[in-house]
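Engineer: what's the 3D shape of this:
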Amino acid sequence: EAIWGEVPEQTQGIAAENPYMTFYYPQHWDGRVEEIRTQEGGNTVHRFVTTVTDREVTLFSIVIGTAESTGYLLGYLQTDAGQVQVYTQIEELSAEGWTDTTYRELCAMQEQVNDIIMQFHEDSRFTPS
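Structural biologist: Modelled structure (predicted):
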């Protein structure tokens, strides 16, 4: 049984804003995935969280700013304020405790980080690491 039902193929997305740029995450996540934005040192952290069967699951985080971070360094974004680093942090999900269908859907949601990563690569100010 699917958690979310049918997912539309093409969506424009929901804006995730920070001091350096705006990127978009899937429109069909509205009401299902929460973007939690925090400031940590010199970085803006966008954490994407969903709740399934009363369990909060962090799918991934995008970290943008001047401070070093953990995770994978995607590259550098040239801004009016100077160069900032862009990181992704993908949570390690265990299949334990989930039905196969739920686990597959969580993994598919995690893979949508690639759609966000592409937005950075399409920005002319971005240099991959």
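Engineer: Quick one: low-confidence residue ranges for this structure.
Structural biologist: 1-11 (pLDDT under 70).
Engineer: Can you list the residue ranges for helices in it?
Structural biologist: Applying DSSP state H to the chain gives helices spanning 100-111, 113-121.
Engineer: My read is that Leu79 contacts Thr44, right?
Structural biologist: That one is not Leu; residue 79 is Thr. No - using C-beta atoms under 8 Å, Thr79 is not in contact with Thr44; the gap is 11.9 Å. For the C-beta atoms, the positions are set from N, CA and C on the backbone; glycine is no exception.
Engineer: Now list whatever residues contact both of the two.
Structural biologist: 19-20 (C-beta atoms under 8 Å, 6 or more residues apart in numbering).
Engineer: the more surrounded of these two?
Structural biologist: Thr44 (18 against 14; other C-beta atoms under 10 Å).
Engineer: how many neighbours does His46 have?
Structural biologist: 19.
Engineer: wouldn't it be in contact with Gln39 here?
Structural biologist: No - between His46 and Gln39 there is no contact under C-beta under 8 Å: 11.1 Å.
Engineer: so which of the helices of the chain gets nearest Leu74?
Structural biologist: helix 113-121 (6.0 Å; C-beta to C-beta).
Engineer: CA atoms only for the closest one, dumped as PDB, please.
Structural biologist: Taking Å, rounded to 0.1, in the frame of the first residue of the first chain, the C-alpha atoms of helix 113-121 are listed here in PDB:
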ATOM      1  CA  VAL A 113      17.800  15.100  -3.400                       C
ATOM      2  CA  ASN A 114      19.200  14.600  -6.900                       C
ATOM      3  CA  ASP A 115      16.600  17.000  -8.300                       C
ATOM      4  CA  ILE A 116      17.800  19.600  -5.800                       C
ATOM      5  CA  ILE A 117      21.500  18.900  -6.600                       C
ATOM      6  CA  MET A 118      20.700  19.500 -10.300                       C
ATOM      7  CA  GLN A 119      19.400  22.900  -9.500                       C
ATOM      8  CA  PHE A 120      22.800  23.900  -8.100                       C
ATOM      9  CA  HIS A 121      24.600  22.500 -11.200                       C
END
